[in-house]
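Student: Would you be able to build a 3D model of this:
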Amino acid sequence: MDKFSKNQLERYPLYLKYFKELEESGIETISSPKIADRFGYSQEQVRKDLQAISDSPGKPKCGRSVQQLIVDLETFLGYRNVASAIVIGTGHLGEALLNFPAFSDMGLEIVAGMDSDPSKVGSTVGGKEIYDIKNLKDVVDSLSIQLAIITVPAEVAQRVVDIAIESGIRGIWNFAPVSLIVPPHIAIENVNLASSLAVLAHKLGKATTADID
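Tutor: The predicted model follows:
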């Protein structure tokens, strides 16, 4: 399977977290039916998901090795190849991301922050120094940064991303509430909080209606 759907890619971190919990509990093998029951997926879906990223077959009546599944998923997701990142925009969201400790477990190391506010430049957040955005290229080069996490206001996001790409950034994780235009060779993922909230509100409404009925 060469192409992966967005929904499929979103399932893999869930699998990985579950398998790590199993490993910590001393469980060595897991079957597709048990995985399917845990997440409410079909057994066929689980088998296809795992076959797409693992060459290790499961054993009848035993299932797959939990340890091997963890290795396969971490390799596929790139968690074993640590990428250096910088947060551009150190407002409330930017500070929260700089302080979030679990990124290192996901193959992401945030090494610094950037801002245009002189009162923030030179300070530290979560142990990471905040640099002047005017020095973006120098910082990207000196710290070998590959990924920019964008948490600036919508009206300046495109310009900031253009500068980041010109500075050598190869991937964009966009939290700004705007669609960004990037060249084909740049990896980008947009985190649309409004869309996510809309989906949640819709599900909540359906659940509330069902309870009333």
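Student: lowest-pLDDT helix or strand in this structure?
Tutor: The helix or strand with the lowest mean pLDDT-type score in the chain, counting by mean pLDDT, DSSP states H and E, is helix 193-212 (a mean of 73).
Student: quick one: contacts of that one?
Tutor: For helix 193-212, contacts defined as CB atoms under 8 Å, 6 or more residues apart in numbering pick out 175, 177. Any C-beta I mention is one placed from the backbone N, CA and C, and that applies to glycine too.
Student: one more time with 10 Å, if that's ok
Tutor: 93, 175, 177, 192 (CB atoms under 10 Å, 6 or more residues apart in numbering).
Student: what's the burial count for the residue lying closest to residue 63 once chain neighbours are set aside?
Tutor: Counting by CB to CB, 6 or more residues apart in numbering, residue 63 lies nearest to residue 31, which is 3.4 Å off, once chain neighbours are set aside. By the measure other CB atoms under 10 Å, the count of residues near residue 31 is 17.
Student: I figured residue 31 hits residue 69, correct?
Tutor: No. Counting by CB atoms under 10 Å, residue 69 is not a contact partner of residue 31; they are 11.4 Å apart.
Student: which residues do these two both contact?
Tutor: Shared contacts of residue 31 and residue 69, counting by CB under 10 Å, 6+ apart, come down to 58, 63.
Student: What's the separation between residue 45 and residue 120?
Tutor: From residue 45 over to residue 120 the distance is 46 Å, taken as CB to CB, to the nearest Å.
Student: Between the two, point out the one with more neighbours.
Tutor: Using other CB under 10 Å as the criterion, residue 45 and residue 120 rank with residue 120 on top: 19 against 16.
Student: Can you name the residues bridging to the nearest residue to that one once chain neighbours are set aside?
Tutor: Among residues not flanking residue 120 along the chain, residue 130 sits closest, at 5.1 Å (CB to CB, 6+ apart). Bridge pairing for residue 130 (DSSP bridges) gives the partners residue 113.
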